[in-house]
Every structure is written in structure tokens, then in C-alpha cells.
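1. sequence first, then the predicted structure:
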Amino acid sequence: MRFDPGGGLSTERKSVILVLILFVDLIVISSQIMLRSRQSLLQTIVANMVMPLQLTVQKAGDFLARELERYVFQRGIFRKYQELKRRQTRLWVENVTLKRQLRDLRALAAARGRFPRFLLASVISVDVNFPYAAVTIDKGTKAGLVENDVVLNRDAELVGRVAKPLTAFSASVRLITSPVGGTGAAIEANMLEGLLRGDNGPACRFEYLLANKPVRPGDRVVTSGTDLIYPSLLPIGTVTEVLPDTLTQRILVRPYFVDKPIHKLVVLLHE
């Protein structure tokens, strides 16, 4: 601290002390001045200084509250969505199962009352190279199948017969559209009989069908029973083309089963 020659404080120091005293007096006086809002001047100054920080904190809190509420809400919606998806999947599986059971019942209903012994089988494979020659089903000797058992579709229309290979749990079904073998058949309208043979396509042709009776496109064709394999009067298909010849008729027949699903087949068991 510097003293002047007279032993007192310097002029600068005196000025600083005076200013400090005046500032303190001003604060004391302002703290006692009441504004219209019943706040002192000092309180107003402090409030104005604190208000921006308070607004910032409030906005930040509001933002966090909104984000938290939205997160919790969306999380709940997502859980509900997952639960609805699980319920939809369960209902879809139940619907598919019920439809399958309904198809099975319809297939059995067509055979029930007409045939004494039969069972329902599923097609498990088809030869992609010769789809109209044969298919494989999931029933075999363990279920009572033997060679030449008659196979129908769900509408009790002729599909073919059981053939080898025949195992304990599977069997081959030779389709009537196969060129191997043949089917004794007749025109339902006039019972004109002949041998129906396939050609590995969706149609069969009559062989040895005499031209002494008229045949028209659309005529129904049924089994005649002359082949001693298939029972008589089983529906086979309809005539699609008639070409007259000298003594016989060239007739094409489209079997019913080629235009229908054959996932399920009815096998008529030997008594």
C-alpha cells in the first residue's frame, strides 16, 4: 500500500473505496424499492438473469418428457403389433388345418356309402418327366394296400390303380393316362365299349371302339368293368374329339382328374 507524503491514502485508493461504498448503498437501496409487482429491484434483476436458464431447463425437460412418452407409447404399440402378428399366424395355421380336414372329409364323403373299404392317402411325389404316368402316395402294405387297388380322386372319379413299387409305407399309383396297360371303358349314353389307353399326356384315346353307335363331344365316359380291375360305372371323363374311321372310331377322352387337384386320393381296398 502506498502512502502519500502526508501519511494518508492515495487519491486513487480513496476513489475506489468511495465507489464500492456507493455500489453497496445502491444495492441496499434497490433491495428496499418495491416495484408494482411487489418485487424489489434486486429481485427483478436476479429474476431476469435466471429466467433464460430456467426457460432452457424447462424446454429441455419438456422435450425429454415428450420423447420418453413417445418411446414408451411406441414400445407398447410394437408389443401389441407383435402379439397381433402371433395371433394372426396361429389363426392362419388353424385355418389351413381346418381347410385340409374339410377337404379330407369331402373326399371321404364321396366314397362313404358307395364302397365297403377304403382309405385316404396323400400324394408325396410326382415324376416331373412323366407327370401323367404315375404318382407316389404315403400309404403302403402296412395300411392294407395291395397291387391293383383302385384309386379315385376326392370326387370318386377314376385316377388309376396301385402298382409296384409297393412298400410298407408308400405305393406307386399308375394313372389311367399312362400308356402302360389300359382301362375298360364305355360311352355312358349308349354303353359302347372299348379299351381306353393313355399316352403320357392329359388325354386318353379309345382303341377298338366300333363305329356302329354315334359318339359326340361332351359324352361322359365310365368304366365298363371288362378289364376285371376297375369296378363298372366309375366316372372317367368326357369325350373331347371324335374322328370317324372305317370300322372303328378314333375318340379322345379327357379324364376328370387332370383338371382337379390330386393331393388327396381315395384308395379302394380289396375285401
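-> Okay, I see it.

2. check contacts around Leu268.
-> Contacts for Leu268 (C-beta atoms under 8 Å, 6 or more residues apart in numbering) come out as 111, 115, 117-118, 149-152, 231. For every residue, glycine as well, the C-beta is placed using N, CA and C.

3. could you redo the last one with a cut-off of 10 Å?
-> Contact analysis of Leu268 by C-beta atoms under 10 Å, 6 or more residues apart in numbering lists 111, 114-119, 149-152, 156, 161-162, 230-231, 234.

4. three-state assignment of the residue most central in space within the chain?
-> Central residue of the chain (C-alpha atoms, centre = their mean): Trp92, 7.2 Å from the mean position. What DSSP: H, G, I helix; E, B strand; the rest coil gives for Trp92 is helix.

5. for the stretch 51-200 of the chain, give me the ranges with low pLDDT.
-> 51, 54, 72-73, 97-111, 113 (pLDDT under 70).

6. residue ranges for the strands of it, please.
-> Ranges of strands in the stretch 51-200 of the chain, per DSSP state E, counting those that start in this stretch, are 118-126, 134-137, 150-152, 158-166, 171-175, 183-187, 192-198.

7. reformat those as JSON lines; add mean neighbour count.
-> Listed next are the strands of the stretch 51-200 of the chain as JSON lines, based on neighbours: other C-beta atoms under 10 Å:
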{"stretch": "strand 118-126", "mean neighbour count": "17"}
{"stretch": "strand 134-137", "mean neighbour count": "20"}
{"stretch": "strand 150-152", "mean neighbour count": "25"}
{"stretch": "strand 158-166", "mean neighbour count": "20"}
{"stretch": "strand 171-175", "mean neighbour count": "23"}
{"stretch": "strand 183-187", "mean neighbour count": "24"}
{"stretch": "strand 192-198", "mean neighbour count": "22"}
